[in-house]
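A.B. asks: Give me a 3D structure for the following:
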Amino acid sequence: MIGRPNFDKLLAKAEGIIAERGRPDVRLKRICKLLAASVSYYDWVGFYLVEPGLRELALGPYVGAPTDHIRIAFGQGICGQAAERKETFVVQDVQAEDNYLACSILVQAEIVVPIMRDAKVIGEIDIDSHTRSPFSDEDRYF
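C.D. replies: So this is what the prediction gives:
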């Protein structure tokens, strides 16, 4: 069984980073680093940001192995589906998904959470795990 992180403490730290002044991309990168360092089964943590005027996600700050997926259309893959439907996707086994965009052969599971402003998706956080079925309801809530 994977040890569970203290999500309340992590949330407080992330909120502190968000509240700081400075460039948004630097703060997003710090959040990626915080999550990847604090949760043993978060092997890739990154943000995709909606391109203004387009129905497309552009890769933003991330921590983990490089990815070829620097642009993803709404509806394409798990990230694109989350943006299209405006809902969180928790995939415990990416091999079981027809619409999964493989980033690495090591990725076994993924969670994608849309970031909303005024009922519109402005971005999302994408977390990949090299462990199958690692995510709990706590991860979804966090």
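
A.B. asks: which residues in this structure form helices?
C.D. replies: 7-19, 24-38, 77-85, 137-141 (DSSP state H).

A.B. asks: Show me what the shortest one is packed against.
C.D. replies: Packing contacts for helix 137-141, counted by 3 or more CB pairs under 8 Å, 6 or more residues apart in numbering; DSSP states H and E, involve helix 7-19. (C-beta placed from N, C-alpha, C; glycine too.)

A.B. asks: quick one on the thing from earlier: just the helices of the chain: most buried one?
C.D. replies: A comparison of the helices of the chain by mean neighbour count, using mean count of other CB atoms under 10 Å, puts helix 77-85 on top with a mean of 22.

A.B. asks: Could you list every helix and strand in contact with that one?
C.D. replies: Here helix 77-85 touches strand 44-50, strand 56-63, strand 71-73, strand 89-91, strand 109-117, strand 120-129, going by 3+ CB pairs under 8 Å, 6+ apart.

A.B. asks: In JSON lines: those, plus mean neighbour count, mean pLDDT and distance to Val26.
C.D. replies: Shown next, in JSON lines, are the helices and strands packed on helix 77-85 (neighbours: other CB atoms under 10 Å; pLDDT from 0 to 100; distance: least, CB to CB, whole Å):
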{"stretch": "strand 44-50", "mean neighbour count": "22", "mean pLDDT": "97", "distance to Val26": "12"}
{"stretch": "strand 56-63", "mean neighbour count": "19", "mean pLDDT": "97", "distance to Val26": "8"}
{"stretch": "strand 71-73", "mean neighbour count": "16", "mean pLDDT": "95", "distance to Val26": "22"}
{"stretch": "strand 89-91", "mean neighbour count": "20", "mean pLDDT": "94", "distance to Val26": "27"}
{"stretch": "strand 109-117", "mean neighbour count": "18", "mean pLDDT": "96", "distance to Val26": "17"}
{"stretch": "strand 120-129", "mean neighbour count": "21", "mean pLDDT": "96", "distance to Val26": "15"}
